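Colleague: take a look and give me a structure for this.
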Amino acid sequence: MKRGAEGFGVSARMDMPVEMATFICKRLQWGLERHWSQVTAEVSIEEAAAVICETIITGRSGKMGPGAVVGQGVPLETSLRKRVHADCDLAARAFRSEGESMSASVIDHVLAAEQSNEARLEHIDAVLEAFRTHTSTNLAVFEAIKGHHWFLHDDYEGGTSSSARLDAYAEAAVEMGSKAWVKSGMTWMEGHVADYFVKGGARKHHIKAIKRARGAGYSQSSQGPGDEFDVMRDCVASSNAPVRLLDIGSCYNPFKTCPSASLMDVTAVDLYPAQPWDVGKVYACDFLDLEVGQHGSAPVFYDDDAGARRLRQLPGETFDVATISLVLSYLPTPEQRVAMLRKARDLLDRKSDAENGKYPGVLLLMEKASMIGINQRCAPYLRHWKDVISACGFQPITYQLLGEGRSKFHCFAYRASELVPDDSPTLALKTKTEIEREGGG
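Modeller: Prediction:
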């Protein structure tokens, strides 16, 4: 039985434009797609979308007063159309979400054939309410983290001494880190560390860089690093030394419990760690104020006014990897983002000795899709990020856009360069919103 947008009568029963009914049903299908393979209801996804749309229309019509009674030939009021469109769009986003409140069983419950329209509407409304709570929580987390960084920008002393603000910041950071898409980003970073330093990825990139530098005149049959690379393509690194990883903005040190933790020697730093050092192994420090010492020097600590132990200095040119996950976008100014990138480079080991399997340190970045954008129109914003990161003294290794739907995120991998970086005070790393606010400049 065909029960699409027109077959089910969504358009005809409500005197709704066919284009609008079709768009709404297509939007709901998009929302249902993510979990549909686990749904057991004996209907097609097109039928499911039409059922949900019909339920929302009928339910909302009954609540709009006598002037909006459902029936053949009765126009759907403009206000009702807007309400239906908004609720169907929200339902689509809710069904597509990955939160704890959404699963295939929830969709099955909504589509259960034996229930009345009133019962089905109650289930749909429960889904919408759960999704509103989920999104408002996400917004509160974002505002708590970014708001605290703004507060530091305006009143550093107050921002670092207010226990209430710091506690709220730490709780929000932990909540952000618990999200599935954030964990996926951390998995990408972990995988890149293993591939690059343990499985020969660094060597592959080194050879590719040499070939690019030689240009089109390079011959595969000529003697050189490329021939050795072909022989050793699948070998793993001979060094058993752990990868020295600096996790900037760590909060709760996710790398200490990751599957590849034994490969890493992690130094985790955060403005306000979620746990004491003896539990979380995260050093407390403001990375922008962190001092860079001589290579080979020991870390330097101090006690703040409250008696808490904080990190003042780390040795320069020491680390194999620096990770910055969802930190740059929370900094208040474009200049502070550049300052963070420059300092990360100063802390990375930039020496290269390919003959002995030693390669420059790597910067791994993860940022939310919304900070740069993901469609073709946002290509200039992505280019801006790549150019500014390179100007801070890095050479690109790879870029990937990962995740699905509203949970997409940008992943960048760069290696520290020996080339002199751009130290101009005007160099700035801007978000999509900041660039658009300036009129595209």
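Colleague: report the residue ranges of every domain in this structure.
Modeller: Per automatic domain parsing, the structural domains of the chain span 10-133, 179-199+236-437.
Colleague: can I get those domains in TSV with distance to residue 210 and mean pLDDT?
Modeller: Any C-beta I mention is one placed from the backbone N, CA and C, and that applies to glycine too. TSV is the format used below for these (distance: least, C-beta to C-beta, whole Å; pLDDT from 0 to 100):
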stretch	distance to residue 210	mean pLDDT
domain 10-133	42	75
domain 179-199+236-437	9	89
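Colleague: can you list contacts of the helix or strand that residue 301 is a member of?
Modeller: Here residue 301 is covered by strand 300-303, with elements defined by DSSP states H and E. With contact meaning C-beta atoms under 8 Å, 6 or more residues apart in numbering, strand 300-303 is reached by 291, 293, 309-313.
Colleague: before we move on, back to that, would you turn the domains of the chain into CSV with mean neighbour count and distance to residue 211?
Modeller: CSV is the format used below for these (neighbours: other C-beta atoms under 10 Å; distance: least, C-beta to C-beta, whole Å):
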stretch, mean neighbour count, distance to residue 211
domain 10-133, 17, 41
domain 179-199+236-437, 18, 13
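Colleague: could I get these as TSV with distance to residue 208?
Modeller: Below are the domains of the chain laid out as TSV (distance: least, C-beta to C-beta, whole Å):
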stretch	distance to residue 208
domain 10-133	36
domain 179-199+236-437	9
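Colleague: residue 206: which of those is closest?
Modeller: Nearest to residue 206, of all these, is domain 179-199+236-437, at 5.5 Å by C-beta to C-beta.
Colleague: what's the spacing between the closest one and its chain's center?
Modeller: 14 Å (C-alpha atoms, centre = their mean, to the nearest Å).
Colleague: what about that domain, start to end distance?
Modeller: In domain 179-199+236-437, first residue to last residue: 30 Å (C-alpha to C-alpha, to the nearest Å).
Colleague: circling back to that earlier point, strand partners of the strand holding residue 301, parallel vs antiparallel please.
Modeller: Here strand 300-303 is paired, per DSSP bridges, with strand 309-315 (antiparallel).
Colleague: CA atoms only for the partner strand, dumped as CSV, please.
Modeller: What follows is strand 309-315, C-alpha atoms only, in CSV (Å, rounded to 0.1, in the frame of the first residue of the first chain):
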residue,chain,number,x,y,z
ARG,A,309,49.8,23.9,42.1
ARG,A,310,50.0,25.2,38.5
LEU,A,311,52.3,24.6,35.6
ARG,A,312,54.4,27.7,34.6
GLN,A,313,56.8,26.3,32.0
LEU,A,314,57.4,23.4,29.7
PRO,A,315,60.6,22.6,27.7
